[in-house]
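# after the sequence you'll find the predicted model.
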Amino acid sequence: MGRNEPGLDAVPRAASTLVILRDRNGPEVLLTVRPENLRFMGGFTVFPGGAVSEADADPGWEERSRLSRAGAAAALKEDTNDALAAYICAIREAFEEVGFLQTEGDRPIPREAAETPESFLAAATELGVVLRTDLMVPSGRWVTPLGSPIRFDARFFIVRAHPDWEPTPDPSEVAEAFWSTPAAALEHLRSGELTMVPPTIEMLQRLDLDPDVGSIMNAMSGPGATEGDRSERFSAFVRRVVAPNPSLMTGPGTNTYIVGAGPTCVIDPAVADSEYIDEIVNAAPDMEAILVTHRHPDHIGGIAALVERTRVPVRAFGSEPAGGVAVDPISDEEILEFGGARLRALHTPGHAPDHLCFYMEGAAVLFSGDNILGSGTAVISPPEGNMRTYLASVARLQDSHISRIFPGHFAPLDGGDEVVRRYLSHRRQRNEAILDSLSRGPLTIGDIVARVYSDTPEQLHPIAVHQVQAHLDMLHEEGSVFPRGNRWFVTGVDYSE
């Protein structure tokens with residue numbers, strides 16, 4: 001695919017979604033069906049929401065919102081004045097689409113005022129209305145994958161409606177609006193009656209775990225939902241705590257993931273730092289297991305300290321201890337379930353012989369360990385690392401239909417299938433570049449690095465030495481190259497000419 005492929009380089013547009021709940025013999029959630037003729041997700045069942053506009057970020061909302069701009073920024077962990085805009089957008093879109101509005105003293109705004117962001121602000125200002133943004137609970141974030149014709153970076157909020165409140169849909173925006181229990185909605189999805197995208201499905205799975213709206217709100221905003229400086233919630237099922245071990249090899253630090261709602265698992269507790277371990281324990285009060293992607297020190301350094309605190313089992317591929325703690329081995333394709341999150345373990349060796357990735361079914365996301373990184377590419381360092389095995393493992397991931405990748409280091413990646421394709425393409429290009437360099441004359445590994453990795457900062461060249469060695473080992477095994485002394489040659493090339 002070329003650089004101009006639609007959607008591959010599109011910058012996601014900020015958006016907001018409001019998940020409206022009520023208690024009627026248990027929690028019910030308001031769902032809407034988008035008109036079939038809409039260009040984006042026509043016919044899909046979604047929660048009310050839409051794109052954030054410039055007017056949603058107007059400073060005038062500071063006086064028309066119970067939550068201040070600073071308060072909104074703190075709640076979303078964003079050092080920006082635009083955080084409040086996400087709250088305003090969610091309220092405005094829900095009011096426009098289904099007529100839902102919560103204001104101080106229940107003061108009304110004419111429904112037609114929500115037709116544009118500017119008119120909504122003007123009406124609120126003229127009527128002296130204050131929006132109850134303080135009643136909204138942040139509940140996740142989702143970025144539309146690469147390759148989509150339209151991309152959004154959507155914030156999700158949960159809010160409680162009065163048990164007797166009913167929607168009044170705008171037919172230009174909503175073909176149908178209806179209340180459903182989360183379980184019933186998921187059953188209609190399984191039967192094919194409803195069509196949904198992964199973040200909607202994941203939210204419904206999360207909502208189905210609690211007996212009432214109060215419990216849901218507490219789970220989203222209570223202990224375990226409060227994030228520290230190194231912690232971020234990505235969705236209803238995924239939180240990340242970044243370990244305090246930054247370095248050239250680990251980037252900002254190793255990503256430790258807390259997966260599930262209610263019962264949880266923790267993936268790759270990296271260091272024994274007490275504040276970091278406290279943060280994990282506070283964010284995962286119902287921890288049931290520790291999962292290990294692989295036994296490299298920067299992924300298992302905190303296991304012993306965490307087990308001492310929690311006494312939960314450690315699961316890893318193979319029977320060798322991890323972080324000095326005995327493990328309960330995980331087999332390839334084994335299914336692990338934690339609080340509504342269903343993880344399929346995939347043995348993906350190459351970076352390390354014991355490497356596992358964990359694929360979360362339903363949400364179509366992958367916890368990739370060090371096989372795929374959020375920046376740069378994975379280091380394959382012989383003799384433990386094996387390039388041929390690694391490429392086979394990455395190729396295996398092509399069959400998983402991945403929407404989002406949560407890597408062991410750096411930020412999450414959207415458009416997982418495209419990321420996997422690019423990883424394989426990059427390694428093929430490096431392979432070809434090495435062969436091309438050697439076809440002009442025998443070279444040492446250092447010479448190859450200087451030529452093939454000329455686009456890489458020199459401080460990373462010592463790491464590139466391992467990559468080149470891994471490629472040469474694979475090519476040697478294929479019979480394409482051979483070593484003589486400290487130099488490498490292409491098989492069948494007459495260098496005397």
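Yes, it's here. Numbering: from 1, shown residues only.
# could you pick out the longest helix of the protein?
Ranked by residue count and defined by DSSP state H, the top helix of the chain is helix 416-439.
# residues of that helix that come out buried?
By 16 or more other Cβ atoms under 10 Å, the buried positions in helix 416-439 come out as 416-420, 422-423, 427, 430-431, 433-435, 437-438. Bear in mind the C-beta positions are built from the backbone N, C-alpha and C, glycine included.
# quick one, helices of the stretch 101-250 of the chain?
Per DSSP state H, counting those that start in this stretch, the stretch 101-250 of the chain has helices spanning 117-127, 182-190, 198-207, 213-221. These are given in chain order.
# which regions of the stretch 151-300 of the chain sit below the pLDDT cut-off?
For the stretch 151-300 of the chain, applying pLDDT under 70 flags the ranges 222-230.
# and the contacts of the longest helix of the chain?
Applying Cβ atoms under 8 Å, 6 or more residues apart in numbering, the set of residues contacting helix 416-439 from outside is 1, 8, 145-147, 364-366, 372, 377, 387, 391, 394-395, 397-398, 400-405, 413, 443, 447-448, 451-452, 467-468, 471-472, 474-475, 480-481, 488-490, 493.
# among those, which ones are in strands?
Within the contacts of helix 416-439, residues falling in strands by DSSP state E are 365-366, 404-405, 413, 481, 488-490.
# tell me which of the helices of the stretch 101-250 of the chain is the most buried.
Between the helices of the stretch 101-250 of the chain, the one whose residues have the most neighbours on average, counting mean count of other Cβ atoms under 10 Å, is helix 198-207 (a mean of 23).
# on that earlier part again, mind putting the helices of the stretch 101-250 of the chain in a markdown table, distance to residue 409 included?
Putting the helices of the stretch 101-250 of the chain into a markdown table (distance: least, Cβ to Cβ, whole Å) gives the following:
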| stretch | distance to residue 409 |
| --- | --- |
| helix 117-127 | 38 |
| helix 182-190 | 34 |
| helix 198-207 | 24 |
| helix 213-221 | 28 |
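# can you tell which of these is closest to residue 64?
Distance to residue 64, taken as Cβ to Cβ, is lowest for helix 117-127 among those, at 4.6 Å.
# let's test this: mean pLDDT of that closest one, rounded?
The predicted model gives helix 117-127 an average pLDDT of 95.
# which elements pack onto that helix?
In terms of contact count using 3 or more Cβ pairs under 8 Å, 6 or more residues apart in numbering; DSSP states H and E, helix 117-127 is assigned the packing partners helix 83-98.
# quick one: the helix it packs on to helix 117-127, angle?
Taking axes from the mean of the first three to the mean of the last three Cα atoms, to 10 degrees, one finds that helix 83-98 is oriented at 100 degrees with respect to helix 117-127.
# tell me what helix 83-98 is packed against?
For helix 83-98, the packing partners by 3+ Cβ pairs under 8 Å, 6+ apart come out as strand 13-23, strand 27-33, strand 49-51, helix 69-76, helix 117-127, strand 152-160.
# any chance of these in CSV, plus distance to residue 214?
Below are the helices and strands packed on helix 83-98 laid out as CSV (distance: least, Cβ to Cβ, whole Å):
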stretch, distance to residue 214
strand 13-23, 8
strand 27-33, 9
strand 49-51, 23
helix 69-76, 19
helix 117-127, 29
strand 152-160, 8
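# residue 117: which of the ones in strands among the contacts of helix 416-439 is nearest?
Minimum separation from residue 117 among those (Cβ to Cβ) is found for residue 404, which lies at 28.8 Å.
# dig out what the closest one forms beta bridges with.
residue 365, residue 414 (DSSP bridges).
# contacting residues for it?
Contacts for residue 404 (Cβ under 8 Å, 6+ apart) come out as 142-143, 145, 363-366, 412-414, 416.
# how much distance is there from stretch 113-122 to the middle of the chain?
In terms of Cα atoms, centre = their mean, to the nearest Å, the centre of stretch 113-122 is found 33 Å from the chain centre.
# likewise for stretch 339-357?
The offset between the C-alpha centroid of stretch 339-357 and the centroid of the whole chain comes to 16 Å, using Cα atoms, centre = their mean.
# repeat that for stretch 106-126.
Per Cα atoms, centre = their mean, the centroid offset for stretch 106-126 relative to its chain is 35 Å.
# how about that stretch as PDB, C-alpha atoms only?
Below are the C-alpha coordinates for stretch 106-126, written out as PDB (Å, rounded to 0.1, in the frame of the first residue of the first chain):
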ATOM      1  CA  ASP A 106     -32.900  21.000  35.900                       C
ATOM      2  CA  ARG A 107     -32.900  24.300  34.000                       C
ATOM      3  CA  PRO A 108     -33.900  23.600  30.300                       C
ATOM      4  CA  ILE A 109     -32.300  24.500  27.000                       C
ATOM      5  CA  PRO A 110     -34.400  24.500  23.800                       C
ATOM      6  CA  ARG A 111     -33.700  21.300  21.900                       C
ATOM      7  CA  GLU A 112     -33.000  23.100  18.700                       C
ATOM      8  CA  ALA A 113     -30.100  24.900  20.400                       C
ATOM      9  CA  ALA A 114     -28.100  21.700  20.100                       C
ATOM     10  CA  GLU A 115     -28.100  21.800  16.300                       C
ATOM     11  CA  THR A 116     -24.700  23.500  16.300                       C
ATOM     12  CA  PRO A 117     -22.000  23.700  19.000                       C
ATOM     13  CA  GLU A 118     -22.100  27.500  18.700                       C
ATOM     14  CA  SER A 119     -25.800  27.700  19.300                       C
ATOM     15  CA  PHE A 120     -25.600  25.300  22.200                       C
ATOM     16  CA  LEU A 121     -23.000  27.500  24.000                       C
ATOM     17  CA  ALA A 122     -25.000  30.700  23.100                       C
ATOM     18  CA  ALA A 123     -28.200  29.200  24.600                       C
ATOM     19  CA  ALA A 124     -26.500  28.000  27.800                       C
ATOM     20  CA  THR A 125     -24.900  31.400  28.300                       C
ATOM     21  CA  GLU A 126     -28.100  33.400  27.600                       C
END
